[in-house]
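[1] got a predicted structure plus its sequence, pasted below:
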Amino acid sequence: MDNAQLLISGLANGCVYGLIALGFVLIYKATEAVNFAQGDFMMLGAFVTIGLTNTEYMGLPFWLALPISLGIMGALGYLLDRLIIRRLFGESQTAVVILTIALGFVIRFVAGLIWGHEPQTLQNPLAGKEVRVGELVLGMEDVAVIIVTVALTWGLYVFFSKTKLGLAMQGASQNQLAAYYMGIPVKRVQGFIWALAGIVAGIAGILFAAKGSVDPTTGLLGIKAFAAAVIGGFGSLPGALAGGLIVGVIEPFASRYIAAGYSQIAPYALLLAVLIFRPNGLFSQVRVKKV
Amino acid sequence: MRIVFKTGYMQDIRPWKDRYQLGLYLILLAVVVAAPWWLDEFYLGELTNVLIWAIAGLGLMILTGHTGQISLGHAAFLAFGCYANVILIEAGVPFLIAFPLAGILTGIAGVTVAIPALRLHGIYLAIFTMALSILMDDVIVLAEPITGGVAGKYLGGVEIFGHLVDRWATPDQFFWLVLIVAVLVTLGYINLLRAPLGRSFIAVRDSEVSAQAMGVDIAKTKTISFALSCAVTGWAGALMGLYAGAFNNETFSVLISIQLLMMVVIGGLGSIHGAFLGAVVIGFLPQFLSISKEYIGAVVGGSTVAIPGLEFGIFGVILIGFILFEPMGMYGRWLKIRTWFELFPFYRKDMFKRQKSYLKTERLR
C-alpha cells in the first residue's frame, strides 16, 4: 500500500518533469536546439499565474486567470523567438544553448525582482481536496497533474504526426533548406513552436505551483527534466513523458530504499548510465551520419 | 599597416608574428610582473583571481574553443584538482610535486570521462558534463573520509623551498606563483596550437567528417583534448583552493561550470586572448557592480540595498548581447577594430561574415 502511495506521488512528480521535458522536445523537434531555460519558463508560468490569481496580487478568479496566463506565456515564447532566437538563424546549436542558459539567469533575476524570493503557492480550487480509491488517498492536484499531462502529450503527439502544421514543423527541423524549397515558412513555424513551448511551460508551471511551492530557483528543476528528455531520446514526445515518469518514480523509491546521500544521485546516475550505454536515448531516432 | 614578409616555413609557425608583436607582449609581461609594486593589496588579490580564472578558461578553451566539445561540467575538474592538491599536501607531499601531480591526476580523470563522452555530440555532451558537475557535489559529500564532506577542507599557504606562499600573508609571492603557472600554461597552449596535435583539434572542431578523411584519429584527438583540458583546469582548481583557503562541496557548484563556459564565450571562443579577456570580465564584474551601485546610490540618493541575483542577471544580459551582436566575443571585436585601423579606408563590413549553416538533422522521424 505504501509503495502504491509512493508510486502515485512519484508519477505526479514525474508528470511535471515530463511536461518540462515535453518543452525541450518540442523545441528540439522543430529547431534541433535545446532550450536550457525551459525550467525557468515553467517557473515564470507559475509566477505569472500566481500574480494573476492569488489574493495578495490581482486576485482574478482561477478559471479566468488560467487562459490569460497561458496566453501571456505563449506570447512571451513567440516574442523570445521573434526578437532573439531568430537572429541566430543559421548559427550553430551551441550558440542557442549558451543563449538560453543566459536567458535562464535573466528570467530568474527578473522573477526574483517582481515576485520576491520567498516560496509561494498557487491558490487554486483543487487545493486540499482528496480522492479515495480503496485505501489509497490521492491528492486532487496529483490526479489533475497526471490527467492533464497524459492528455497534453497525446494531443501534441497527434498534432505532430497527423496535422499539416505538425508535419511542416518536422520537415523544418530535418532539413531547413529543403523545407524552404517545399514552401514551408520555416521562420514562422519556429515562432509558432516557441509559443507552443511557452504554453506547455505555463501549464507545467501552473500544475507545479498547485502541487507545491515555487520560488525563482525552481527553474533549476529543469536539470532533472534533462534526465527525462535524454532517457526519452530528445526527439520523441511520448519518450519525454516516459522519461519523466521514470525519473519521477525512481526518486521517492530511491529516497526510501537507498541510504541518504546516495538517493538524490539516482536520477543523475540514471542519466549518465543512459548516455553511456544508449547515447541517443532509449527511444533512439538517429542512425550513422552520412556525408 | 605592417606587412610581414615571410621568407621561410619556420617563420610561418613561429609563435609570434614579428619582433614588434613579441616586444609588445614582453612589455605586457613586465608590467604584470611588476604589479605588486603598482597595485594595492586588494586589487592585487583581484588580479590574482582573474589570472586563476584565466587559467581555468584556457583549460576549457582547449576543449570547447579549439576542439569544439562543449562542456558544462568543468567545475567538477576544478574540484578534482583542488582536492587532489590539498590531499597530496596533507599526505606530506611537497607543493612543487603535489601541484603538477594534481593536474596530471585531473587529466587522467578527464580521460576516464572522455571515453564514454566520445560517443556524444553537442547537446548530449553538454548535458552529460552538466550531470557530472552536479554529481561531483554529491560525490564529495559521500567521500567524506577523504574530502571532509560538507565541513570542507582548509589550506593555509604552502611552502616552496622553505618559503611560505600564502594568499594573505604573502600576497606578492602568491601572485607570482599564479602568474608563473599562467605564463607556462599559455606558452604551452601557443606551442600546442602550432603543432600537429593542435591543428588536429581544430580540424575536429570544424568538421569531424573531413578531419577523419584527412587521417585524424577522432577518438584519440578528443581524448587527448579532454586530458589536456582537464589537466589545465585541475591546476586552476588547485590554485583556486589556495586562493579561497577554505572550500567544501558547494565551492565548485554547477553554476561555476556555467560561469566558466560563459566566460570563454564572452572572451571569444577559439582564441587564447579570449580566455584572459573573459576572465577580466568575470573577475571584475562583481567589483564593478558594487562600485557602480554605490555611485548610483550616492548620485540618486537611494539606498544601496543588495539585490540578490543581480550579478548573474547582468551577466546573462551581457552574454545575450555578445551572442547576438558579437558571436566571436571580445577578442573578435578587437580583431575587427584592429583590422579597421590597419586597412584604414578599405575595411568592408562583411569581412568577418561567417558562412551560415542550415540545419540538417540525423534524426529519421
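    Yep, that arrived.
[2] show me what contacts residue 85?
    If you meant another chain, say so; for now it's chain A. The neighbourhood of residue A:85, defined by Cβ atoms under 8 Å, 6 or more residues apart in numbering or on different chains, consists of A:31, A:33, A:96, A:99, A:190, A:194. (Each C-beta comes from the backbone N, C-alpha and C, glycine too.)
[3] the chain in question should be chain B.
    Per Cβ under 8 Å, 6+ apart, neighbours of residue B:85: B:98-99, B:102, B:237-238, B:241-242.
[4] do residue B:323 as well
    A:88, A:95, A:98-99, A:102, B:265.
[5] sticking with it, tell me its helix or strand.
    Take DSSP states H and E as the rule and residue B:323 turns out to sit in helix B:310-325.
[6] quick one, the next helix or strand after that helix and helix B:310-325 angle?
    Sequence-wise, the next helix or strand downstream of helix B:310-325 (DSSP H and E) is helix B:329-342. Per axes from the mean of the first three to the mean of the last three Cα atoms, to 10 degrees, the angle that helix B:329-342 makes with helix B:310-325 is 50 degrees.
[7] give me the helices and strands touching helix B:329-342, please.
    Helices and strands touching helix B:329-342, by 3 or more Cβ pairs under 8 Å, 6 or more residues apart in numbering or on different chains; DSSP states H and E, are helix B:254-267, helix B:272-300.
[8] follow-up on the earlier one: mind listing which of the contacts of residue B:323 are in helices?
    A:95, A:98-99, A:102, B:265 (DSSP state H).
[9] now, which of those residues sits nearest residue B:24?
    The closest of those to residue B:24 turns out to be residue B:265 (Cβ to Cβ; 25.9 Å).
[10] how deep is the nearest residue to the closest one once chain neighbours are set aside tucked in, by neighbour count?
    Closest residue in space to residue B:265, ignoring its immediate chain neighbours: residue A:98 at 5.4 Å, by Cβ to Cβ, 6 or more residues apart in numbering or on different chains. Residue A:98: 28 surrounding residues under other Cβ atoms under 10 Å in any protein chain shown.
[11] what's the answer for residue A:192, then?
    Number of residues near residue A:192 (other Cβ under 10 Å) recorded here: 19.
[12] contacts only, for it.
    So residue A:192 contacts A:78, A:165, A:169 (Cβ under 8 Å, 6+ apart).
[13] out of those, which touch chain B?
    For chain B, no contacts are drawn from the contacts of residue A:192 by Cβ under 8 Å from any Cβ of the partner chain.
[14] make TSV out of those residues and add pLDDT and secondary structure.
    Below are the contacts of residue A:192 laid out as TSV (pLDDT from 0 to 100; DSSP: H, G, I helix; E, B strand; the rest coil):
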residue	pLDDT	secondary structure
A:78	93	helix
A:165	87	helix
A:169	83	helix
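[15] by neighbour count, which of those residues wins?
    That'd be residue A:169 among these, by other Cβ under 10 Å, with 25 neighbours.
[16] just give the nearest non-adjacent residue to it, would you?
    Nearest one to residue A:169, counting by Cβ to Cβ, 6+ apart, is residue A:30 at 4.6 Å.
[17] that neighbour reaches residue A:188, doesn't it?
    No: using Cβ atoms under 8 Å, residue A:30 makes no contact with residue A:188, being 11.3 Å away.
[18] who's more crowded, the two?
    Neighbours were counted for residue A:30 and for residue A:188 using other Cβ under 10 Å; residue A:30 has more, 24 against 12.
[19] how about the helix or strand hosting that one: buried residues?
    Element membership for residue A:30, per DSSP H and E: helix A:2-31. Of all the residues in helix A:2-31, those buried under the rule 16 or more other Cβ atoms under 10 Å in any protein chain shown are A:6-31.
[20] what's downstream of that helix, the next helix or strand?
    Counting by DSSP H and E, what follows helix A:2-31 is helix A:38-53.
[21] pLDDT on that next one, on average?
    For helix A:38-53, the mean per-residue pLDDT is 90.
[22] cool, and stretch B:133-150?
    On average, stretch B:133-150 scores 84.
[23] now the end-to-end length of it.
    Counting by Cα to Cα, to the nearest Å, you get 16 Å between the two ends of stretch B:133-150.
[24] got the buried residues for that stretch?
    Buried residues in stretch B:133-150 (16+ other Cβ under 10 Å): B:133-142, B:147-149.
[25] all helices for the stretch 1-150 of chain B, in order.
    Along the stretch 1-150 of chain B, counting by DSSP state H, counting those that start in this stretch, helices occupy B:9-12, B:19-33, B:35-38, B:41-60, B:74-90, B:95-117, B:122-142, B:144-147.
[26] and residue A:143, how far from residue A:132?
    11 Å (Cβ to Cβ, to the nearest Å).
[27] neighbour-wise, which of those two wins?
    residue A:143 (17 against 8).
[28] how about the residues of the stretch 151-300 of chain B near chain A?
    B:209, B:254, B:258, B:261-262, B:265.
[29] which two from those end up farthest apart in space?
    Across these, the longest distance by Cβ to Cβ is 32.1 Å; it joins B:209 and B:254.
[30] more crowded one of those two?
    Between residue B:209 and residue B:254, residue B:254 has the larger neighbour count (other Cβ under 10 Å), namely 22 against 11.
[31] nearest residue to the more buried one in space, please, no chain neighbours.
    In space, and not counting its chain neighbours, residue B:254 is closest to residue B:133: 4.4 Å by Cβ to Cβ, 6+ apart.
[32] need the contact list for that neighbour.
    Residue B:133 neighbours (Cβ under 8 Å, 6+ apart): B:72-76, B:252-254, B:257.
[33] make CSV out of the residues you listed and add pLDDT.
    CSV is the format used below for these (pLDDT from 0 to 100):
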residue, pLDDT
B:72, 89
B:73, 89
B:74, 92
B:75, 93
B:76, 93
B:252, 87
B:253, 86
B:254, 86
B:257, 91
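[34] farthest pair in those?
    In terms of Cβ to Cβ, the contacts of residue B:133 reach their longest pairwise distance at B:72 and B:252, which sit 13.0 Å apart.
[35] and residue B:340, how far from chain A?
    Residue B:340 is 23 Å from chain A, where distance means Cβ to the nearest Cβ, to the nearest Å.
[36] not counting sequence-adjacent ones, nearest residue to that residue?
    Using Cβ to Cβ, 6+ apart, the nearest residue to residue B:340 is residue B:347, at 4.5 Å.
[37] phi first, then psi, for that neighbour.
    Main-chain torsions, residue B:347, degrees, to the nearest 10: phi -70, psi 130.
[38] tell me if I'm right that residue B:41 and residue B:171 touch.
    Yes: using Cβ under 8 Å, residue B:41 is in contact with residue B:171, at 5.8 Å.
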